[in-house]
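Student: Just need the structure, nothing else, for what follows:
(chains A, B, C and D)
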There are 2 protein chains.
Amino acid sequence: MARSRNTEKKIFDAATELFLEKGVDRTSVREIANKAEINLALMNYYFRSKENLFDTIFSSLVKKNSEELIRILNSDLELFEKIEQYVEVYIEMLSENPLLVSFVMAILHRSRERITEMKAISSLYATDQFTKQLLDEAKKGNIRRTDPTHFFVDMLSLIAFPFAIKMLVMDKNNFSEAEFQEFIDERKKRVPKLLLDSLRPCK
Amino acid sequence: MARSRNTEKKIFDAATELFLEKGVDRTSVREIANKAEINLALMNYYFRSKENLFDTIFSSLVKKNSEELIRILNSDLELFEKIEQYVEVYIEMLSENPLLVSFVMAILHRSRERITEMKAISSLYATDQFTKQLLDEAKKGNIRRTDPTHFFVDMLSLIAFPFAIKMLVMDKNNFSEAEFQEFIDERKKRVPKLLLDSLRPCK
DNA sequence: AAAACGTTTTAAACGTCGTTTAAAACGAAA
DNA sequence: TTTCGTTTTAAACGACGTTTAAAACGTTTT
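Tutor: Sure thing, here's the model as predicted:
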């Protein structure tokens, strides 16, 4: 009984690491079993199938990493401050899990047809509260009118995409790991500035 | 002889379609052989391995689709006009090949270690000419000073990422295919405006 | 026209993949 | 100590990417 929980966790942890590193389809069950030091058939015993193990891990990863972000979106912070904080926390989170973006991208393509069922995924998107805030501030004349759908996609793109093309950026600029990290850190200031400038009614 | 070229092309075309649609790792060689109506072993005869077939297809796709973009970056168009044209042509190109972004993303993760060898991939990035133009215009005071590396990553992100999260955007906004296409079309105007506003020295 | 040649195609087999199976080993309750 | 449900094991299944040797084909040569 204590043994079983332990086994389940060993499988979960080993698979998580391998899935993030090599991708689901390039990780074999025998590899997971080796890393977790368990018998091959135990993966199916505890998780029914590799696909179901993947779903479990994916939901867990998304949930763990998106909770704070949703909390920020739904907070009653002033709009500009909220955007600044959201971007910074998001980039910081991805810095600590640099493989997460590629992983999610791969899943969005790989499991395209199943997206609607994967409820975890919706926590990656804008909340109604944030959308409403954008519309309200525009109505009050505090910011330029902007399509919330576009604005949120802009924000997500500027935050996440650089991680997806990390290797391309490193290769073309001859960045070391540390230099790439520095580049990413710079974006914590740059991206909010770009977004807020586009909202400011100055012009 | 005529037969052989034909066979090679049939394999290439069938595999291209399947790789884009299902991803490399979820496409079996037997599936390719069926679709191309050729014997299983001919894939290895003409392309040595599935991995090599994939490399060939990837290079061909990237080359075919990036040539015009590079031509624009290296043209002597005025900076703002160049950015407008680059964004519009890029988005239009991705609209016609909506699976390309996910495919390239998957490859950037899947073949991370081989990126440097895959020379085709460098054509996805900024040219020296464009970088120089950004620096020159800033020096002349025509635009705000900006880090060309960041600026190009911003631009790429705003162009490409929405295609990568297509299913997420469609799901959350209840978009039909046509509505998503409309959303993308709007970005042809929106993205250049956002980028140019961030460069204008108005403030 | 037949023989000889290199090119192209074929069917069968290899080891590895995800998954299933039936039985063995185990731990707690009787 | 026996019983019983839970956990683990080894072996096997069909499908995967790849290799092989031989068959079929089209050209060139005699």
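
Student: what's the single longest helix in chain A?
Tutor: helix A:50-74 (DSSP state H).

Student: so what secondary structure elements neighbour that one?
Tutor: Helices and strands touching helix A:50-74, by 3 or more Cβ pairs under 8 Å, 6 or more residues apart in numbering or on different chains; DSSP states H and E, are helix A:2-22, helix A:42-47, helix A:79-96, helix A:100-110, helix A:128-139. Where C-beta positions appear, they are placed from N, C-alpha and C, glycine not excepted.

Student: Indicate which one of the ones you listed is closest to DNA strand D.
Tutor: helix A:2-22 (3.1 Å; Cβ to the nearest atom of the strand).

Student: angle of the closest one against helix B:100-110?
Tutor: Helix A:2-22 runs at 110 degrees relative to helix B:100-110, counting by axes from the mean of the first three to the mean of the last three Cα atoms, to 10 degrees.

Student: who's in contact with helix A:2-22?
Tutor: A:27, A:31-33, A:35-38, A:42-43, A:46-47, A:53-54, A:56-57, A:60-61, A:97, A:99-100, A:103 (Cβ atoms under 8 Å, 6 or more residues apart in numbering or on different chains).

Student: near DNA strand C, anything from the longest helix of chain A?
Tutor: Yes. Using Cβ under 7 Å from any atom of the strand, helix A:50-74 comes into contact with DNA strand C via A:50, A:51.

Student: Using the record's assignment, carve chain A into domains.
Tutor: A:1-47, A:58-199 (automatic domain parsing).

Student: Including distance to DNA strand D, could those go into a markdown table?
Tutor: Below are these laid out as a markdown table (distance: least, Cβ to the nearest atom of the strand, whole Å):
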| stretch | distance to DNA strand D |
| --- | --- |
| domain A:1-47 | 3 |
| domain A:58-199 | 15 |
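
Student: Adding mean pLDDT and mean neighbour count, write those domains out as a markdown table.
Tutor: Below are the domains of chain A laid out as a markdown table (pLDDT from 0 to 100; neighbours: other Cβ atoms under 10 Å in any protein chain shown):
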| stretch | mean pLDDT | mean neighbour count |
| --- | --- | --- |
| domain A:1-47 | 93 | 16 |
| domain A:58-199 | 95 | 17 |
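
Student: Tell me the residues of chain A that contact DNA strand C?
Tutor: A:1, A:3, A:27-31, A:40-41, A:43-44, A:48-51.

Student: can you list the domains of chain A in a markdown table and add distance to residue B:132?
Tutor: Shown next, in a markdown table, are these (distance: least, Cβ to Cβ, whole Å):
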| stretch | distance to residue B:132 |
| --- | --- |
| domain A:1-47 | 37 |
| domain A:58-199 | 15 |
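
Student: Tell me how far residue A:129 lies from residue A:82.
Tutor: 10 Å (Cβ to Cβ, to the nearest Å).

Student: and for these two, which residues touch both?
Tutor: Contacts common to residue A:129 and residue A:82, judged by Cβ under 8 Å, 6+ apart, are residue A:73.

Student: Dihedrals phi and psi, residue A:118?
Tutor: phi -80, psi 90 (degrees, to the nearest 10).

Student: right, and it touches residue A:58 too?
Tutor: Yes. With contact defined as Cβ atoms under 8 Å, residue A:118 and residue A:58 form a contacting pair (7.3 Å).

Student: tell me, what's touching those two both at once?
Tutor: With Cβ under 8 Å, 6+ apart, residue A:118 and residue A:58 have no common neighbours.

Student: Adding distance to residue B:171 as columns, could you present the helices and strands packed on helix A:50-74 in CSV?
Tutor: Formatted as CSV, the helices and strands packed on helix A:50-74 follow (distance: least, Cβ to Cβ, whole Å):
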stretch, distance to residue B:171
helix A:2-22, 23
helix A:42-47, 26
helix A:79-96, 20
helix A:100-110, 10
helix A:128-139, 15
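
Student: With respect to residue A:198, which of the ones you listed lies nearest?
Tutor: Of all those, it is helix A:79-96 that lies closest to residue A:198, at 10.7 Å by Cβ to Cβ.

Student: any residue of that closest one up close to chain B?
Tutor: No. On the criterion Cβ under 8 Å from any Cβ of the partner chain, helix A:79-96 is out of touch with chain B, staying 12.4 Å away.

Student: cool, stretch A:108-116 as well?
Tutor: Yes. Judged by Cβ under 8 Å from any Cβ, stretch A:108-116 comes into contact with chain B through A:108, A:109, A:110, A:112, A:115, A:116.

Student: same deal with stretch A:189-201?
Tutor: Yes. With Cβ under 8 Å from any Cβ as the measure, stretch A:189-201 is seen reaching chain B through A:190, A:194, A:197, A:198.

Student: Need these in TSV (columns: secondary structure).
Tutor: As requested, the residues of stretch A:189-201 next to chain B are exported to TSV (DSSP: H, G, I helix; E, B strand; the rest coil):
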residue	secondary structure
A:190	helix
A:194	helix
A:197	helix
A:198	helix
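
Student: Out of these, which comes closest to residue B:154?
Tutor: The shortest approach to residue B:154 among those belongs to residue A:194, at 6.7 Å (Cβ to Cβ).

Student: which non-adjacent residue is nearest the closest one?
Tutor: In space, and not counting its chain neighbours, residue A:194 is closest to residue B:198: 5.3 Å by Cβ to Cβ, 6 or more residues apart in numbering or on different chains.

Student: and residue A:154, what does it touch?
Tutor: Contacts of residue A:154 (Cβ under 8 Å, 6+ apart): A:195, A:198, B:158, B:190, B:194.

Student: mind redoing it with 10 Å?
Tutor: A:146-147, A:191, A:194-195, A:198, B:154, B:157-158, B:161-162, B:187, B:190-191, B:194 (Cβ atoms under 10 Å, 6 or more residues apart in numbering or on different chains).

Student: same thing with residue A:161?
Tutor: A:101, A:105, B:101, B:105, B:153-154, B:156-162, B:164-165.

Student: out of those, what pair is the most spread apart?
Tutor: A:105 and B:154 (18.4 Å).

Student: Residue A:129 contacts residue A:79, doesn't it?
Tutor: No. Assessed by Cβ atoms under 10 Å, residue A:129 is found out of contact with residue A:79, at 11.5 Å.
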